[in-house]
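**Q** quick one: sequence plus predicted model below, questions after.
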Amino acid sequence: MSKEPIRRFTLLVLLQAQQDRASELVVDASAGQGSGIRYRVDGTLYEISTPPPHLIPQVVAELGRLANLPEGPFPKEGRIELPFGAVRLKWKLAVAGPDSPCVLTRIET
């Protein structure tokens, strides 16, 4: 699969979570058959539309690219701050290990 659809999907997930005032976004590449993408609004986790499970690792990789995560050992942390349409996406990203969920926390503006 081309990288552009994954990039667009990833940006749309970030945008939707931000517009829904999510405080946290969790992308779990090890989620198996269940939803691998959830976000938290007012303390409640919601599953969102997700690609097939085999594409979730590509979404995690795209998030890492957007956050300029370095190569090398874990844990890793980064920030995503970029314009997307009329909105500025602002998230802090953390990954504890290669099999750990990618956790994003919305940066308040």
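**A** Okay, I see it. All values derive from a computational prediction rather than experimental measurement.
**Q** from memory Ser30 sits against Asp99, does it?
**A** Yes: Ser30 is within contact range of Asp99, at 5.6 Å (criterion: CB atoms under 8 Å). All C-beta spots, glycine's among them, are computed from the backbone N, C-alpha and C.
**Q** so what's Phe9 up against?
**A** 51, 59 (CB atoms under 8 Å, 6 or more residues apart in numbering).
**Q** how close does it sit to Lys3?
**A** 11 Å (CB to CB, to the nearest Å).
**Q** pLDDT of stretch 99-109, averaged?
**A** For stretch 99-109, mean pLDDT rounds to 90.
**Q** hmm, who's touching it?
**A** By CB under 8 Å, 6+ apart, stretch 99-109 touches 14, 17-18, 22-30, 60, 63-64, 74, 79-81, 88, 90-95.
**Q** out of those residues, list just those in helices.
**A** 14, 17-18, 60, 63-64 (DSSP state H).
**Q** would you turn those into TSV with pLDDT and neighbour count?
**A** As requested, the ones in helices among the contacts of stretch 99-109 are exported to TSV (pLDDT from 0 to 100; neighbours: other CB atoms under 10 Å):
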residue	pLDDT	neighbour count
Leu14	95	24
Ala17	95	24
Gln18	94	21
Val60	90	22
Leu63	95	22
Gly64	94	18
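**Q** could I get those residues as JSON lines with distance to Ile37?
**A** As requested, the ones in helices among the contacts of stretch 99-109 are exported to JSON lines (distance: CB to CB, whole Å):
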{"residue": "Leu14", "distance to Ile37": "11"}
{"residue": "Ala17", "distance to Ile37": "9"}
{"residue": "Gln18", "distance to Ile37": "14"}
{"residue": "Val60", "distance to Ile37": "10"}
{"residue": "Leu63", "distance to Ile37": "10"}
{"residue": "Gly64", "distance to Ile37": "15"}
